[in-house]
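Student: Model the structure of this input:
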Amino acid sequence: MFVTTDNSGNITYASQAFCELTGYSKNYFEESSPPLYLSKNVSIHCEVYQTYTQTFQTNTDWTGEIQGSTKQNKTYCVTCNIEPILENDGRVDSYIAIMQNITANKKLQKLVITDELTGAYNRRYYNQILPQEISRCKREKNWLAVLMIDADHFKKYNDTYGHQAGDDALVLLTQTMQSCFRRPSDFIFRLGGEEFAAIYSITNPEDADMLAEKVRAAVYNLNLNHSGNAAFGRFTISLGLMLIDPEGFYVEEEIYKYADEALYKAKEAGRNRVEKRSHDDDIELF
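Tutor: Numbering: from 1, shown residues only. Sure, this is the predicted structure:
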């Protein structure tokens, strides 16, 4: 399928296949000339969007993925190759964008890395993302936080309220964490059972503590009854924070261990709290 655009990226003609994908008619594209980049989440995909728009400013080819929204507000994803159409004198007259629908593949890829119950990323994706984020933060000279999160006395919660209520609580916990971690560079994982993790980059180490505390407080303020959590009477979480210095070199296999040790320290100290390990502690480097 393909479309043609003017020099600003506004669609001037759309093939029948593109019309069927988006749910819009040819008349819609020809009369309203919407931009080829139809996604409602431009800010989330800002790097792709900037590269894409540079195509129409520098008259160069562009190949990448574009996420858009159909007339029915469903998301689609296509691979796209945009090439300039030149006048006889070499000036750019317009552009042609040739696309392939990869929506189904994207959905399948998401299923492979997503926890079915909560919608958080799974342990497999955690293992994939951690080394990538360590490398990225080293390049950008940012700190990286690895936060382990565990629901307090969760077995008692299941025993008291039932497994369906337990599942609902884990979904609510995930949604609460997602409300705190909103940047594209923030990742939330369900590692198994009631154990979760978050990976996020920060400029200052103090910001990692503040965000971890924000998560703890947000869950506490849900005021979700938990009679088996005698100290608080509500659903709470314990958190273990591991800070990775961009100037340090860490044994990746040990990072989980250190964050998990901080988590168990939080458990031993009374739960519903954040404990931290950092570069100041006795941590194995290589």
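Student: State the mean pLDDT of stretch 122-137.
Tutor: Across stretch 122-137, pLDDT averages out at 94.
Student: what's the closest non-adjacent residue to residue 136?
Tutor: Distances taken as CB to CB, 6 or more residues apart in numbering put residue 201 closest to residue 136, at 7.4 Å, once the chain neighbours are dropped. (Glycine included, C-beta is placed from N, CA and C.)
Student: helix, strand or coil for the one you found?
Tutor: Following DSSP: H, G, I helix; E, B strand; the rest coil, we place residue 201 in the strand state.
Student: same deal with residue 157?
Tutor: Quick answer, by three-state DSSP: residue 157 is helix.
Student: quick one: it and residue 164 touch, right?
Tutor: No - counting by CB atoms under 8 Å, residue 157 stays clear of residue 164, with 11.6 Å between them.
Student: What lies in contact with stretch 11-21?
Tutor: The contact list for stretch 11-21 (CB atoms under 8 Å, 6 or more residues apart in numbering) reads 1-6, 22, 24-26, 29-30, 33-36, 70, 76, 78, 94, 99, 101.
Student: how does it look with 6 Å?
Tutor: Under the criterion CB atoms under 6 Å, 6 or more residues apart in numbering, residues 1, 2, 3, 4, 5, 6, 26, 29, 33, 34, 36, 101 lie in contact with stretch 11-21.
Student: distance between the ends of that stretch?
Tutor: 15 Å (CA to CA, to the nearest Å).
Student: tell me the mean pLDDT over that stretch?
Tutor: 92.
Student: just how off-centre is that stretch within its chain?
Tutor: 30 Å (CA atoms, centre = their mean, to the nearest Å).
Student: What are the buried residues along it?
Tutor: By 16 or more other CB atoms under 10 Å, the buried positions in stretch 11-21 come out as 11, 14, 15, 18, 19, 21.
Student: just stretch 73-84 next, same as before
Tutor: 76, 77, 78, 80, 82, 84.
Student: Out of those residues, the closest to residue 61 would be?
Tutor: Taking CB to CB as the measure, residue 61 lies nearest residue 82 of the buried residues of stretch 73-84, at 6.6 Å.
Student: What separation do you get for the closest one and residue 12?
Tutor: Using CB to CB, to the nearest Å, residue 82 is found at 13 Å from residue 12.
Student: Dump stretch 222-242 to CSV, restricted to CA.
Tutor: Only the C-alpha atoms of stretch 222-242 are listed here, as CSV (Å, rounded to 0.1, in the frame of the first residue of the first chain):
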residue,chain,number,x,y,z
LEU,A,222,-5.1,3.1,47.9
ASN,A,223,-6.3,2.1,51.4
LEU,A,224,-7.0,-1.5,50.2
ASN,A,225,-8.1,-3.6,53.1
HIS,A,226,-5.6,-6.3,54.2
SER,A,227,-6.4,-7.8,57.6
GLY,A,228,-3.5,-10.2,57.3
ASN,A,229,-1.1,-7.2,57.2
ALA,A,230,-1.5,-6.6,60.9
ALA,A,231,0.9,-3.7,61.2
PHE,A,232,-1.0,-1.5,58.7
GLY,A,233,-4.4,-3.1,58.1
ARG,A,234,-4.1,-2.4,54.4
PHE,A,235,-2.3,-3.5,51.2
THR,A,236,1.3,-2.3,51.3
ILE,A,237,4.6,-3.0,49.4
SER,A,238,8.2,-3.3,50.4
LEU,A,239,10.9,-1.9,48.0
GLY,A,240,14.6,-2.6,47.5
LEU,A,241,16.5,0.0,45.4
MET,A,242,19.8,-0.6,43.7
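Student: tell me the mean pLDDT for that stretch?
Tutor: Per-residue scores along stretch 222-242 average to 97.
Student: C-terminal to the helix or strand where residue 20 lies, which secondary structure element comes first?
Tutor: Following DSSP states H and E, the helix or strand that holds residue 20 is helix 16-22. Of the helices and strands lying after helix 16-22 in sequence (DSSP H and E), the nearest is helix 26-32.
Student: list the buried ones in that following helix?
Tutor: Quick answer for helix 26-32 (16+ other CB under 10 Å): 28, 29.
Student: can you check stretch 173-191 too?
Tutor: 173, 174, 176, 177, 180, 181, 186, 187, 188, 189, 190, 191.
Student: measure it end to end?
Tutor: Using CA to CA, first and last residues of stretch 173-191 are 14 Å apart.
Student: what's in contact with it?
Tutor: Here stretch 173-191 has contacts from 44, 115, 118, 120-121, 123, 126, 129, 196-201, 214-215, 218-219, using CB under 6 Å, 6+ apart.
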